[in-house]
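Chemist: fold the following, please.
(chains A and B)
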Amino acid sequence: DGGITQSPKYLFRKEGQNVTLSCEQNLNHDAMYWYRQDPGQGLRLIYYSQIVNDFQKGDIAEGYSVSREKKESFPLTVTSAQKNPTAFYLCASSIERGPTDTQYFGPGTRLTVL
Amino acid sequence: SQKIEQNSEALNIQEGKTATLTCNYTNYSPAYLQWYRQDPGRGPVFLLLIRENEKEKRKERLKVTFDTTLKQSLFHITASQPADSATYLCALLGDSNYQLIWGAGTKLIIKP
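Modeler: Alright, predicted model coming up:
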């Protein structure tokens, strides 16, 4: 089955900890994205990558970091610098980054700060 | 300022009726607009894309319209079923670098 997987489904973080969210796709898509979803708000773009070894900041990149060492993988690290990390995190991919790209989403990771 | 707005109140519709959801935007000139469905605790799933020069797009029981004069897209589900209950998100192509700008979504509840 082709698709996007995210792990873990639920993640709990203590104050001051860095945590890494996993995202893997086997769709052979070039572009990958990380979004944050908060109640009552639209999805907000954290980072995106159009090609291996390259990524760009989105609207709310502060306190987050990413890497794209393999086409299939785009992990997101939530650092201690992110002051309000509790949210639902969604990873997505698309064939390429273009005007008609439709995005395929993973099942999400819900991060809670204790 | 630029905004994309969907009705934040849940929409309750009787089974079999047509559900109509609205997506309004200001200070954008999107060439494309997309609709996605999101179930609780899941990622969004793409439904339809409509271009600015298309007035209407259909897929089975789904229909999307795009009025660039009114700056509005309408999403219709005909012969609605309880399985259509979900949150529906609209997303438009923003002005910079092919970034999608997302609405907050409207929760649709279809009652048997």
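Chemist: which secondary structure element contains the residue nearest to the spatial centre of chain A?
Modeler: What sits nearest the mean C-alpha location of chain A, by Cα atoms, centre = their mean, is A:Trp34, with 2.7 Å. Using DSSP states H and E, the element containing A:Trp34 is strand A:31-37.
Chemist: next SSE after that strand?
Modeler: Beyond strand A:31-37 on the C-terminal side, the first helix or strand identified by DSSP H and E is strand A:44-51.
Chemist: what lies in contact with that following strand?
Modeler: For strand A:44-51, contacts defined as Cβ atoms under 8 Å, 6 or more residues apart in numbering or on different chains pick out A:30-38, A:55-61, A:64, A:66, A:68, A:74, A:76, A:96-97, B:99-100, B:102. For every residue, glycine as well, the C-beta is placed using N, CA and C.
Chemist: strand partners (parallel or antiparallel) of that strand?
Modeler: Paired strands of strand A:44-51, with direction, are strand A:31-37 (antiparallel), strand A:54-57 (antiparallel) (DSSP bridges).
Chemist: format those strands as TSV; extra columns: mean pLDDT and distance to B:Arg51.
Modeler: Conversion of the strands paired with strand A:44-51 to TSV gives the following (pLDDT from 0 to 100; distance: least, Cβ to Cβ, whole Å):
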stretch	mean pLDDT	distance to B:Arg51
strand A:31-37	97	20
strand A:54-57	96	25
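Chemist: those strands: which one's closest to B:Leu92?
Modeler: Across those, B:Leu92 has its closest neighbour in strand A:31-37 (15.2 Å, Cβ to Cβ).
Chemist: which residue does chain A have closest to chain B?
Modeler: A:Phe105 (3.0 Å; Cβ to the nearest Cβ).
Chemist: list the contacts for the spatially closest residue to that residue that is not a sequence neighbour?
Modeler: Excluding the flanking residues, the one nearest A:Phe105 by Cβ to Cβ, 6 or more residues apart in numbering or on different chains is B:Gly43, at 3.0 Å. Listed by Cβ under 8 Å, 6+ apart, the contact partners of B:Gly43 are A:4, A:90, A:92, A:105-108.
Chemist: and B:Gly43, what pLDDT?
Modeler: pLDDT for B:Gly43: 97.
Chemist: what's the answer for B:Ser96, then?
Modeler: Predicted confidence (pLDDT) for B:Ser96: 73.
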